[in-house]
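> Here is my input, please return the structure:
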Amino acid sequence: MGHYIRLLEGIRPKWFVMENVEGLLTNAGGLHVRDTVAAFLEAGYWLNLEKVYAQGYGVPQRRKRVLIVGNRLGQNFLFPEPVTRFSGSLFRKGEITFATAVSDLPLATKEAGEPLMFREPPRNELQAYLVFPIDRATGATPDPGDEMILECAAAAAADFIVSGDKKHLLALRQFQGIPIVSPAELFESMFT
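Now for the predicted structure:
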């Protein structure tokens, strides 16, 4: 946790999200989480900590996670209510399953080089979201992998896209108003 706190103190983002395993709450009798929260508060962050069930937020796996959301703006963050139902022993019965997420994937092949094409349109809202982001980057760069990075950054309203790809991404300089910078440029802008 010490490295994370040092990064926050150095970078000083307005907001941060930290995710960890459920054991963070009980490790060393709760001392680690207590010390971590105290360090965040001392660094000037308002906090909200909550244990969430990933399955309740549309993630196709049964996993309990501890999320800490902090900000330097003095704003109280409230975690959203779960969007899907889950129940049963160890939450085995849920609306979102692994099949919900991947049943539309093309069959794997041993051929390399060409992207695999989907066999059919998305079967549900999750697949449509995963396959067809709202802000498409088609043609923005000759590398389809780079397009996916751009689309994810736009969907997340990222502050920066950090890359070492001089040939494609860095050459763009920005995508939909999001600066594309090298790691050196990012650190220079934060620490000078």
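> what's the following helix or strand after the lowest-mean-pLDDT helix or strand in the chain?
Least confident helix or strand of the chain, by mean pLDDT, DSSP states H and E, is strand 93-94 with a mean of 68. Downstream of strand 93-94, the next assigned helix or strand under DSSP states H and E is helix 98-102.
> Quick check: buried residues in that next one?
Neighbour-count burial for helix 98-102, with 16 or more other C-beta atoms under 10 Å as criterion, is recorded at 100-101. Every residue, glycine included, has its C-beta placed from N, CA and C.
> And it, what does it pack against?
helix 125-131 (3 or more C-beta pairs under 8 Å, 6 or more residues apart in numbering; DSSP states H and E).
> Quick check: what element follows the helix it packs on along the chain?
Counting by DSSP H and E, the next helix or strand C-terminal to helix 125-131 is helix 144-155.
> avg pLDDT for that next one?
Averaged across helix 144-155, pLDDT comes to 80.
> Now do the helices for this protein: every range, in order, please.
2-11, 31-42, 98-102, 125-131, 144-155, 169-172, 183-191 (DSSP state H).
> So for the third one, mean pLDDT?
What it means is helix 98-102. 77.
> spatially speaking, which residue is in the middle of the chain?
With distances taken as C-alpha atoms, centre = their mean, the chain has residue 156 as the residue nearest its mean C-alpha position (8.0 Å).
> Out of the helices of the chain, which gets nearest to residue 67?
The closest of the helices of the chain to residue 67 is helix 31-42. By C-beta to C-beta, the value is 12.2 Å.
> related to what we said a few turns ago, need the helices of the chain in TSV with distance to residue 76, can you?
TSV is the format used below for the helices of the chain (distance: least, C-beta to C-beta, whole Å):
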stretch	distance to residue 76
helix 2-11	19
helix 31-42	14
helix 98-102	33
helix 125-131	28
helix 144-155	25
helix 169-172	36
helix 183-191	27
